[in-house]
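Undergrad: here is my input; please provide its structure:
(3 chains)
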Amino acid sequence: MSESVQADQSGEVLRRHLRILEALLFASQEPLRAVDMAPYLGEGVDIALLLTQLQQEYAHRGVNLVRRGEGWAFRTAEDLGLLLRREEHETRPLSRAALETLSIIAYHQPATRAEIEEVRGVATGKGTLDLLMEAGWVRMRGRRRTPGRPVTYGTTDAFLDHFGLESLSDLPGLDELKGAGLLSGRLPPDMQIPLPFDGALRDDEDPLDPSDPGDNEVEDEQT
Amino acid sequence: MSESVQADQSGEVLRRHLRILEALLFASQEPLRAVDMAPYLGEGVDIALLLTQLQQEYAHRGVNLVRRGEGWAFRTAEDLGLLLRREEHETRPLSRAALETLSIIAYHQPATRAEIEEVRGVATGKGTLDLLMEAGWVRMRGRRRTPGRPVTYGTTDAFLDHFGLESLSDLPGLDELKGAGLLSGRLPPDMQIPLPFDGALRDDEDPLDPSDPGDNEVEDEQT
Amino acid sequence: MGHASHPDGPRMTEADINWFDTPAPPAAEDVLHVDVGGYEGPLDLLLDLARRQKVDLSAISVLALAEQYLGFIDKIRARRIEVAADYLVMAAWLAYLKSRLMVPQAPGDEEPSGEMLAAMLQFRLKRLEAMRTAASRLMNRPRLGFQIYARGAPEPIEIARRSIWEASLYDLLKAYSSQRERGVVTDYTPRLRTVWSLQDARDILKRLIGESQEWVSLDAYLVDYLTTPAERATVRASTFASSLELVRQGEIDIRQTETFGPLFMRRRRSDRA
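TA: Residues are numbered from 1 along each chain as shown, chains lettered A, B, ... in the order given. Have a look, this model is predicted:
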């Protein structure tokens, strides 16, 4: 009997934890990371397990629990998208330059400005990267450990959230591009093909100093 | 067989309708009325019934479907409200004004605001008394049976607790204050330190009515 | 589905949206009559020319492409239209590529072969096109705020900031005591002191020195006035200050033979003036 009581109790505790996570995630517009939610649960609670269970519970509902990089969020189900689609206009339509830059960063990250320019064949205007960073989709990751120590750019979790991607491996056509050798910097044949990388820092990247002004200096020198 | 197919279909349709309502209610900034949601469902759909079912499905979750007048909305379960409210404590030294006011109340209680001001020699801001009451050290005791019926203030048990006093009679008297060097010798011989009164109510005090707004009225009149 | 036809419902366009703000490049027959204004650079122009070959980018004729590009640039320049430097750099490179492709590689030639250069150009074109396609595919995904929605009415988590006040019993008692002391009314009568004004001191000093040209110490002059201890300070201070004034005006001389020693004064001889 004591066993069944225990089981009941643990079931109750589980339910309570799930309800707390549900409430937290429902209440927030932005994805929440496990560390954001941990303080609301007891210590030693396996949040990852709880989140997986909650995700399953919502898998067939009109609202799903989705993973966006490190964060988790409730979002309306993708298949209802067309139905819910509102006649909203892009508040600030992205220029072709910005869109190309965004996709180059997404698929080639960590990417330096020179690498972006190499792919596009033109110089990147100052406004383009700023705009993407302002939109919260692109961030400065660090500095490449090569001469000139150029800033490396990568995408953010907000980028994943906006485009409905769980992680960078969900980028559309990634495998094709990789197979065609189009993600490498130079001529394909015998080169190892890199994949977009949004981990902490690559071996050849240095962290940014908090006071690092990014590419601005370079910009100033040019003008 | 055709009947079971029909049942299946209607089950599927029902589920789809519920999913649509779920997504709509989740994404909406305001509570939605049945008429707002109707266009998203087919014609002749009993929305009220669907909403009741959805409400039941969420009854024990961390988020509930609640009715607000004519509208419906998802809201954090009420019993989790407290849990989701986090308190952040910060310790701060009590201001000099607050400390002085508190000490006068402690020795002279029951004391009216006018009496406090007489000892302090300056007007006591409303914020100071509010702060002391919020800290839980000062309370409104009653109203003095004099013209204007001013509110009388006294200390609380939390006050004794915080300052490590067993009772108000533990507050040091004139000689002890002198002995501790807190009062200098150059004092008029007739100076007295009152004995604080911590009984229920003095003869000249009326109890506070539960709806008594305290000193607020006075404040309003002054401004 | 039955819900698809309601009048106020959201529109359900499934066609891809052209997210690019630049207009589509001109039709094939016009291409040689426009300038480079519509292109984002030589690579963009080359990609457009390559697409006009209407074959997979892997199957394009790089030689034909180079010729088209060179012809295009020539035409523009013939019409005296300014062409940005990078278009000319590309033209030079393509001319070089053309020559490498047309002349078979000589043995011992260390330069990259024409085929390799062509493959490099092809790769760059394919990569640029791939990134454009990727951008389009990204933008046509169900995007947050367009087809996918976040909670419309977020319920912010309340963080109550509570102050915990710190005060010790000592602080409390000190506050009380100092207030009570402050409140004590004391009668204060300032003591009146005799003060020699500078004018008085000067008059007295002039009278005392008179016409005496002997060195006499100040204290000796003032001996009658220094009897009351309370007045000593003011008498000395005022006469000293006045004596300095008299020296300045050339009426007397002062001297002091040692530090803290007595001050001697006498009337200045008038013949010195």
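Undergrad: what about the residue lying closest to residue A:168 once chain neighbours are set aside, which SS state?
TA: Across the structure, with CB to CB, 6 or more residues apart in numbering or on different chains as the measure, the residue nearest residue A:168 apart from its sequence neighbours is residue A:196 (4.6 Å). Every residue, glycine included, has its C-beta placed from N, CA and C. Following DSSP: H, G, I helix; E, B strand; the rest coil, residue A:196 is assigned to coil.
Undergrad: can I get stretch A:102-113 in CSV, CA atoms only?
TA: Provided in CSV are the C-alpha atoms of stretch A:102-113 (Å, rounded to 0.1, in the frame of the first residue of the first chain):
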residue,chain,number,x,y,z
LEU,A,102,21.1,36.5,-43.6
SER,A,103,21.0,33.2,-45.5
ILE,A,104,24.8,33.2,-46.0
ILE,A,105,25.3,33.8,-42.3
ALA,A,106,22.8,31.1,-41.4
TYR,A,107,24.3,28.4,-43.7
HIS,A,108,27.9,29.4,-43.4
GLN,A,109,28.2,30.4,-39.7
PRO,A,110,30.5,31.4,-38.2
ALA,A,111,31.1,33.8,-41.1
THR,A,112,33.1,36.9,-41.3
ARG,A,113,32.1,39.9,-43.3
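Undergrad: any idea of the mean pLDDT for it?
TA: For stretch A:102-113, mean pLDDT is 92.
Undergrad: any residue of it up close to chain C?
TA: Yes: with CB under 8 Å from any CB of the partner chain as the measure, stretch A:102-113 is seen reaching chain C through A:102-104, A:106-107.
Undergrad: Provide a list of residue ranges in chain A with pLDDT below threshold.
TA: Counting by pLDDT under 70, chain A shows low-confidence ranges at A:1-9, A:86-92, A:185-195, A:215-223.
Undergrad: helices of the chain, start to end?
TA: Because you didn't say which chain, this covers chain A. For chain A, the helices defined by DSSP state H occupy A:2-27, A:34-37, A:47-57, A:81-84, A:96-108, A:113-120, A:126-134, A:157-162, A:174-179, A:216-222.
Undergrad: that's the wrong chain, I meant chain C
TA: Secondary structure of chain C (DSSP H): helices at C:42-51, C:62-78, C:85-102, C:114-139, C:169-183, C:198-209, C:218-222, C:229-248.
Undergrad: deepest of those, which one?
TA: Most buried of those, by mean neighbour count (mean count of other CB atoms under 10 Å in any protein chain shown): helix C:42-51, with a mean of 22.
Undergrad: gap between the residue nearest the centre of chain A and residue A:33?
TA: By CA atoms, centre = their mean, chain A has its centre lying nearest to residue A:157, at 2.8 Å. Residue A:157 sits 9 Å away from residue A:33, going by CB to CB, to the nearest Å.
Undergrad: which residues do those two both contact?
TA: Counting by CB atoms under 8 Å, 6 or more residues apart in numbering or on different chains, the contacts common to residue A:157 and residue A:33 are A:70-71.
Undergrad: what residues does stretch A:127-140 touch?
TA: Contacts to stretch A:127-140, defined as CB under 8 Å, 6+ apart, come from residues A:94-95, A:97-98, A:101-102, A:105, A:113, A:151-156, A:158-159, A:162, A:208, A:212, A:214-215.
Undergrad: what of stretch C:194-209?
TA: Under CB under 8 Å, 6+ apart, the answer for stretch C:194-209 is C:216, C:221-222, C:225, C:228, C:230-231, C:234-235, C:237-239, C:241-243, C:245-246, C:251-252, C:265-267.
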